[in-house]
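# Based on what follows, work out the 3D shape:
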Amino acid sequence: MSDIKVVPAGDQAVVLEFENRIDPDINAMVRAADYYLNQEGIMEGLFETVPTYRSLLIYYDPEIWDLDKLKESLLGIEEHLQEATIPNPETLEIPVAYGGEYGPDLDHVARHNNLSPEEVITIHHSSTYLIYMLGFVPGFPYLGGMSEAIATPRLENPRTQIPAGSVGIAGNQTGIYPLDSPGGWQLIGRTPLKLFDPAKEDPFLPKPGHNLKFYPISEKEFKAYL
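This next block holds a predicted model:
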């Protein structure tokens, strides 16, 4: 394991940084640190942890922790991360109506990659994706594991309004818009599931560190969810 760094982020947070690359093994260390620090009694005075691709944002109580002492304590956890047993990932299954009004850019993605729309759909839903992190808007999952065979650049002119549940491709990544929002990803389908529901005790359907699988459904099946 390479050395980790602790970088201040304001007066009540620090970032625990691992290697500067997107990689499942690096993300596994982030999740191990997240899991370790959230065990009861390990380190008092930590409010919240937020995992990303290759770092962990940690909010702390400055009345309990001096910055230098916090850095020293966090750097000391590195030896425990190899031993940390993080929970086995669950697999979130996401139904998607591909193409048509739900995926207006499916044909473009197919043409860009010299494929048929049906081949794009098959390639897209055949992969198992790692949920690296949530961001951009609440509940937006950043996924790893998409095939390069369907990679497509973002739109030159982003849309001002994308419907919640839209499944898109941008470069070699795929993701799901949990809310109506602007965006520049190529839309290939839409899920009827709600990824973010602030009325629930746990508002986020996707979880960092878990896996995600898409599966195709018909327009009739899509409407039956509503």
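# Could I get the full set of helices for the chain?
In the chain, the helices defined using DSSP state H lie at 24-37, 67-75, 78-81, 106-112, 117-126, 219-225.
# Would you indicate which residues of the longest one are buried?
It stands for helix 24-37. The neighbour-count check on helix 24-37 (16 or more other CB atoms under 10 Å) flags 26, 27, 28, 29, 30, 31, 32, 33, 34, 35, 36, 37 as buried. Yep, even glycine has a C-beta here, placed from its N, CA and C like the rest.
# And the pLDDT for the last one?
According to the prediction, residue 37 has pLDDT 90.
# wait, it sits on residue 45?
No - Residue 37 is beyond contact range of residue 45, at 11.2 Å (criterion: CB atoms under 8 Å).
# what sits up against the worst-scoring helix or strand of the chain on mean pLDDT?
Least confident helix or strand of the chain, by mean pLDDT, DSSP states H and E, is helix 78-81 with a mean of 78. For helix 78-81, the external contacting residues (CB atoms under 8 Å, 6 or more residues apart in numbering) are 1, 3, 4, 29, 32, 33, 36.
# 6 Å instead?
4, 29, 32, 33, 36 (CB atoms under 6 Å, 6 or more residues apart in numbering).
# how's the protein carved up into domains?
Residue ranges for the domains of the chain, per automatic domain parsing: 5-81, 91-225.
# helices or strands up against the single longest strand found in the chain?
Looking across the chain with DSSP state E, the single longest strand is strand 91-98. For strand 91-98, the packing partners by 3 or more CB pairs under 6 Å, 6 or more residues apart in numbering; DSSP states H and E come out as strand 186-190, strand 211-216.
# Comparing these, which comes out most buried?
strand 186-190 (a mean of 26; mean count of other CB atoms under 10 Å).
# now that one: how far from the chain's centre is it?
17 Å (CA atoms, centre = their mean, to the nearest Å).
# Can you list the strands that that strand pairs with?
strand 91-98 (antiparallel), strand 166-170 (antiparallel) (DSSP bridges).
# residue ranges with poor pLDDT in the chain?
1-2, 40, 83-84 (pLDDT under 70).
# Check the gap between the residue of it positioned farthest from its centre and residue 214 for me.
For the chain, the largest distance from the centre (CA atoms, centre = their mean) belongs to residue 63, which lies 32.5 Å off. In this view, residue 63 and residue 214 are 46 Å apart by CB to CB, to the nearest Å.
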